[in-house]
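1. when you get a sec, could you give me coordinates for this:
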Amino acid sequence: MESFESNETKETNENVNFQSRINLDPLKTSVDKIRHELGKVIVGQHKMIDQLIVSILANGHILLEGVPGVAKTLTAKLLSKSMALDFSRIQFTPDLMPSDIIGTSVFDLSKSSFEFKKGPVFSNFILIDEINRAPAKTQAALFEVMEERQITVDGKTYIMDEPFLVIATQNPIEQEGTYRLPEAQLDRFLFKISIGYPNLSEEITILQKENELQNRNKMADVATIVSKSEIKEFQGLLKQIIIEPNLIEYIAKVVLNTRENPFLYLGASPRASIAILNASKGFAAIKGRDFVTPEDIKEAAIPVLQHRVVVTPEREMEGISASEIIKQIVDSVEIPR
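-> Here you go, the predicted structure:
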C-alpha cells in the first residue's frame with residue numbers, strides 16, 4: 001500500500017514538474033543556429049547577438065550605438081538574412097523628409113485620383129542608418145509606426161505586416177550635423193545596445209577572416225534559418241513564459257527606484273517596466289527555460305533602461321554613466337521572497 005501511494009505521489013510530482021512545460025526546443029535550436037550563422041562573420045560580440053535575438057523574440061526595436069567601423073550595419077544585415085524577412089534600409093540625412101520614409105500620395109492621370117505610393121518603411125525588418133542625422137520632423141514620422149505598427153496618411157490607416165522591427169544605428173562621438181533623439185523616440189526602443197572595440201585576439205581573428213575571404217562576399221555563407229511564421233510562433237511562445245509575482249514586484253521596485261534616485265534627473269516610465277518583463281522572458285527562452293529568474297531581469301535591466309533615464313548634470317560632470325547607476329540600482333534592490 002505504502003509503495004503504491006509513494007508511486008502515485010511520485011507520478012503526481014512528475015506531472016507537476018513537466019505537464020505544464022512549454023516546448024522551447026525548436027526556439028532554442030533556431031537561436032543556436034542563428035548564433036552560429038552570425039558567428040561566421042561577426043567576431044566576438046556574443047552578448048550583443050543574444051540581445052538582438054531577444055529583442056526580435058520580444059517584438060521590440062533596437063538602437064545600436066557604436067563608433068564607425070564596429071559592424072553595426074553589417075550585423076543588422078546579417079540578422080535580416082538569417083531570418084526570411086523583407087529587408088529595407090533607410091540612410092538618414094539632414095535633408096530627409098517624412099514622405100521619403102512613409103511614402104507619398106501621387107496623382108494618377110489615368111484614374112484622375114491620388115494614389116498612395118508606399119515608402120521604404122513598409123517592410124518587416126527596417127535598418128535606419130545614422131538615425132540622429134535626420135531633423136526632429138523626420139524622426140517624429142517614426143513615432144506612430146514604431147509604437148502602434150501602423151501609419152496614417154491622408155486620413156487612411158495602413159497596418160504594418162508582422163513582424164515589424166526597426167534597428168537604428170547611431171554614432172555616439174560625432175556631434176556635428178546630428179540631432180539628438182527626443183526622449184519620446186528613445187522610449188520606443190526596447191534595447192539600446194552599445195558596441196565596443198574588439199580586443200587583441202578578436203582583432204587578429206577579424207584580419208585573418210578578411211584575408212581568407214579574397215573575392216567572396218562576407219554575407220554569401222550566411223544561411224536563412226527561420227521563416228516569418230516561425231518568428232511569429234516564437235513571439236507567441238514568449239508570452240507563455242512563467243514569471244512569479246515576487247519577480248514582477250522586483251521589476252516594479254527597480255523601475256520605481258529610477259524615479260526616486262537622486263543621481264537621475266529623469267526616471268523610467270511604465271513602458272520600461274513592460275519592456276523589462278518581455279525582455280527577461282526572452283533571455284529565459286534563449287536559455288531553454290520556461291520561467292524567469294532574477295538573473296534574466298538583471299540581464300535585461302541595463303539595455304532596457306540606459307537610454308530611458310537621464311543622469312543629473314552634476315553626476316554627468318563626474319563621469320558617471322546611466323548604465324553604472326542602473327547596475328547599482330539592480331544590485332541594491334532586494335528580490336522579494
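2. helix or strand: which one has the residue nearest the centre of the chain?
-> Residue closest to the mean C-alpha point of the chain, counted by C-alpha atoms, centre = their mean, is residue 55 at 3.2 Å. Assigned by DSSP states H and E, residue 55 belongs to helix 46-57.
3. could you dump that helix to CSV, C-alpha only?
-> Output of helix 46-57 as CSV, limited to C-alpha atoms (Å, rounded to 0.1, in the frame of the first residue of the first chain):
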residue,chain,number,x,y,z
HIS,A,46,28.2,37.3,-28.1
LYS,A,47,26.3,39.5,-25.7
MET,A,48,25.2,41.8,-28.4
ILE,A,49,24.0,38.9,-30.6
ASP,A,50,21.9,37.5,-27.7
GLN,A,51,20.4,40.9,-27.0
LEU,A,52,19.5,41.3,-30.7
ILE,A,53,17.8,37.9,-30.8
VAL,A,54,15.9,38.6,-27.5
SER,A,55,14.6,41.9,-28.9
ILE,A,56,13.3,40.2,-32.0
LEU,A,57,11.6,37.5,-29.9
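4. what packs against it?
-> Where contact means 3 or more C-beta pairs under 8 Å, 6 or more residues apart in numbering; DSSP states H and E, helix 46-57 is packed against helix 25-39, strand 61-65, helix 72-82, strand 165-170, strand 189-194, helix 228-239, helix 270-286. Any C-beta I mention is one placed from the backbone N, CA and C, and that applies to glycine too.
5. which one of these lies nearest to residue 333?
-> helix 270-286 (12.1 Å; C-beta to C-beta).
6. dump that closest one to PDB, keeping only the CA atoms.
-> Written as PDB, here are the backbone C-alpha positions of helix 270-286 (Å, rounded to 0.1, in the frame of the first residue of the first chain):
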ATOM      1  CA  PRO A 270       5.700  52.100 -17.100                       C
ATOM      2  CA  ARG A 271       6.700  51.300 -20.700                       C
ATOM      3  CA  ALA A 272      10.200  50.500 -19.400                       C
ATOM      4  CA  SER A 273       8.700  48.100 -16.800                       C
ATOM      5  CA  ILE A 274       6.800  46.200 -19.600                       C
ATOM      6  CA  ALA A 275      10.000  46.200 -21.600                       C
ATOM      7  CA  ILE A 276      12.000  44.600 -18.800                       C
ATOM      8  CA  LEU A 277       9.200  42.000 -18.300                       C
ATOM      9  CA  ASN A 278       9.200  41.000 -22.000                       C
ATOM     10  CA  ALA A 279      13.000  41.100 -22.400                       C
ATOM     11  CA  SER A 280      13.500  38.900 -19.300                       C
ATOM     12  CA  LYS A 281      11.100  36.300 -20.800                       C
ATOM     13  CA  GLY A 282      13.300  36.500 -23.900                       C
ATOM     14  CA  PHE A 283      16.500  35.800 -22.000                       C
ATOM     15  CA  ALA A 284      14.800  32.900 -20.300                       C
ATOM     16  CA  ALA A 285      13.600  31.500 -23.600                       C
ATOM     17  CA  ILE A 286      17.000  31.600 -25.400                       C
END
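7. and that helix, what other elements does it pack with?
-> Helix 270-286 packs on helix 25-39, helix 46-57, strand 189-194, helix 228-239, helix 245-260, helix 294-305, going by 3+ C-beta pairs under 8 Å, 6+ apart.
8. tabulate the ones you listed (JSON lines), appending distance to residue 90 and mean pLDDT.
-> Below are these laid out as JSON lines (distance: least, C-beta to C-beta, whole Å; pLDDT from 0 to 100):
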{"stretch": "helix 25-39", "distance to residue 90": "22", "mean pLDDT": "84"}
{"stretch": "helix 46-57", "distance to residue 90": "19", "mean pLDDT": "87"}
{"stretch": "strand 189-194", "distance to residue 90": "16", "mean pLDDT": "88"}
{"stretch": "helix 228-239", "distance to residue 90": "21", "mean pLDDT": "85"}
{"stretch": "helix 245-260", "distance to residue 90": "32", "mean pLDDT": "90"}
{"stretch": "helix 294-305", "distance to residue 90": "23", "mean pLDDT": "89"}
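9. any chance of these in TSV, plus distance to residue 334?
-> As requested, these are exported to TSV (distance: least, C-beta to C-beta, whole Å):
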stretch	distance to residue 334
helix 25-39	31
helix 46-57	25
strand 189-194	26
helix 228-239	27
helix 245-260	8
helix 294-305	10
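10. for residue 109, find the nearest of those.
-> Nearest to residue 109, of the helices and strands packed on helix 270-286 and by C-beta to C-beta, is helix 228-239 at 36.4 Å.
11. and the closest one, how far from the chain's centre?
-> Between the centre of helix 228-239 and the centre of its chain there are 15 Å (C-alpha atoms, centre = their mean, to the nearest Å).
12. cool, stretch 101-111 as well?
-> Centre to centre, stretch against its chain (C-alpha atoms, centre = their mean), the figure for stretch 101-111 is 33 Å.
13. could you give me the average pLDDT of it?
-> Taken as a whole, stretch 101-111 has a mean pLDDT of 83.
14. can you check stretch 125-138 too?
-> Mean predicted lDDT for stretch 125-138 stands at 86.
15. got the end-to-end distance for that stretch?
-> 19 Å (C-alpha to C-alpha, to the nearest Å).
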